[in-house]
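Engineer: make a model of this:
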Amino acid sequence: MNDSASGRSKPHTRKKHRKSRAGCLPCKRRHIKCDEGRPRCINCSDYDLECEYKQHIIQYESPYPATSRPRSSAASASNTPPLETPAPAPAPAPASSAQPPSTLNIADLELLHHWMSTNIITFDPVRTRILKTEFPRRGFRHPFLLRGLFAVSAMHLAYLHARSDPSTSHCYAVRAAEHQHIALGEFRAALARGIDEGNYEAVFCFACVLVPIAFVSEKGEEEGRCDEGECRSSGSGGPGQGGRAGGAVEGIVKVMSMIRGCVPVFDPWRERIKQGPLGSFTYDPMRTRPPVPVPELAFLRAMIEQGDTAAAASVGTEADMEIGMETPSSTSSSSDAFPLPTPASMLGLGPQPAPLSPQAALGVAFTELETTFSRKIQAREIQRDGFAAVCVWPAAVPPEYMKLLRQREPRALVLLAYFAMLLHDYDRRWILDGWARRVVMSVECLLREEWRHWLEWPKQMVELEPPELSQAER
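Structural biologist: As a prediction, this is how the structure comes out:
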């Protein structure tokens, strides 16, 4: 019995599969086990064969569609200003077969991470959440917006490294300029194709991103243009006096022109934006609150009501007064840092209102300035970010006021100085950082002596240490 049992054959067990799936190509062809040694396996060494491994290439899908690749200068929009881009980095050494190549752009991922992990523009919790989540989400579908986010992020990193590591700061600044250059070209192309259900939110987001881009870019352009010592030594100021004294005024006017150019672009979609995921970004609780009187501005009304004769006697010729402001013919000028299509004509918004007289235009600008002061005070009272309310003024003033600024009309310049005083409260923000004082000093240089007493309050305020910002205002 035992012999019979012991004589039974043992159950058949399948041999372990020893075939290597990652072996070299010669071993695969010979159907033998490869020890996967690098750079040469034992079998290939024994037979003196060339040991090759199949490369497993992993391609990461780019977030950009094929159309979003940087275009050559010949394919760029005709209005895009020339930009000196850095030379391409040298090609990396060929990776070994164990390190598959990748199409990931680590530099851009760094910028995206910085955008999503840092409060770059505002500390307002509602707007911060939308900036970090909703803006990038739309950027993945619309590359001009994603590049806009990259540009702001690189600008912020350049600012952070400016003192500690100038070389790194310069590299970030070059990357910011490159992304800005391409983003503006793609944005103009999107506007030319038309705004529709598929892109109106991205257009709105990019318009918001353009505000910090404009402030930072124009700050770099105007620095060094205003020589206060030269202006003061001239003693008289005024148009044509003081050489480069109008640099800061020219810069802030370009920023205002950019803001004004963007508003009509998305204005037809404003209600849709309010009702969608971006609605909280546009919410302004100050609109429903009664205005706060600002007694300090009351005396300005007397200045506005002065006759045009005294003002006209204090400005120069038209040739002296041009400072690159917006007009229907110059909005798309290649000399403009932010050339955009003329919104009214492009969107078919219908007939424009009759032009205002200079006196009426100044009156509207003053009334809007009073409203802006009121909203800024209310925002601080309820711990909201008042910077957005301040940025409404450039869009609210009539085009005739902008023309007066281009002509350096004294009363228009005085109102601009008071607007700059509002910006001073946010001077601790990296985006503004010194803008207010430079604008007020530039206005003083441009005005003749008989007009400078109107600047006493703005000059006093911008010479003070900027106030500490609340958590919501930083």
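
Engineer: isn't Phe144 up against Ala202?
Structural biologist: Yes. Phe144 lies in contact with Ala202 (Cβ atoms under 8 Å); the separation is 7.5 Å. Backbone N, C-alpha and C define where each C-beta goes, glycine included.

Engineer: please identify every residue contacting each of the two.
Structural biologist: Taking Cβ atoms under 8 Å, 6 or more residues apart in numbering as the contact rule, Phe144 and Ala202 both touch Ala190.

Engineer: show me where pLDDT drops low in the stretch 1-150 of the chain?
Structural biologist: 1-21, 55-102, 123 (pLDDT under 70).

Engineer: give me that answer again for 50
Structural biologist: Scanning the stretch 1-150 of the chain for pLDDT under 50 picks out the ranges 1, 3-7, 17, 56-98.

Engineer: who are the contact partners of Lys219?
Structural biologist: Listed by Cβ under 8 Å, 6+ apart, the contact partners of Lys219 are Gly251, Asp433, Gly434, Trp435.

Engineer: make a markdown table from those and add distance to Gln407 to it.
Structural biologist: As requested, these are arranged in a markdown table below (distance: Cβ to Cβ, whole Å):
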| residue | distance to Gln407 |
| --- | --- |
| Gly251 | 17 |
| Asp433 | 29 |
| Gly434 | 26 |
| Trp435 | 22 |
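
Engineer: strands of this protein, start to end?
Structural biologist: Taking DSSP state E to define them, one finds no strands in the chain.

Engineer: how is it divided into domains?
Structural biologist: Domain ranges of the chain: 21-56, 286-323+353-474, per automatic domain parsing.

Engineer: ok, Phe150 touching Leu112?
Structural biologist: Yes. Counting by Cβ under 8 Å, Phe150 does reach Leu112; the two are 7.0 Å apart.

Engineer: name the residue in these two with the higher neighbour count.
Structural biologist: Using other Cβ atoms under 10 Å, the more surrounded residue of Phe150 and Leu112 is Phe150, with 28 against 18.

Engineer: distance check, the more buried one against Gln407.
Structural biologist: 38 Å (Cβ to Cβ, to the nearest Å).

Engineer: hmm, Trp432 is touching Asp425, no?
Structural biologist: No Trp there; residue 432 is Leu. No. Between Leu432 and Asp425 there is no contact under Cβ under 8 Å: 9.4 Å.

Engineer: quick one, what contacts the closest residue in space to Trp393 that isn't next to it in sequence?
Structural biologist: Using Cβ to Cβ, 6 or more residues apart in numbering and skipping residues adjacent in sequence, the residue nearest Trp393 is Thr372, 4.5 Å away. Contact analysis of Thr372 by Cβ under 8 Å, 6+ apart lists Ala389, Val390, Val392, Trp393, Ala396, Phe419, Leu422.

Engineer: between the residues you listed, which is nearest Cys208?
Structural biologist: Closest to Cys208 out of the contacts of Thr372 is Val392 (12.7 Å), distances taken as Cβ to Cβ.

Engineer: for that closest one, give me the pLDDT.
Structural biologist: For Val392, the pLDDT comes out at 86.

Engineer: can you name the two of the contacts of Thr372 that sit furthest apart?
Structural biologist: Farthest pair in these (Cβ to Cβ) is Ala396 and Leu422. Separation: 13.1 Å.
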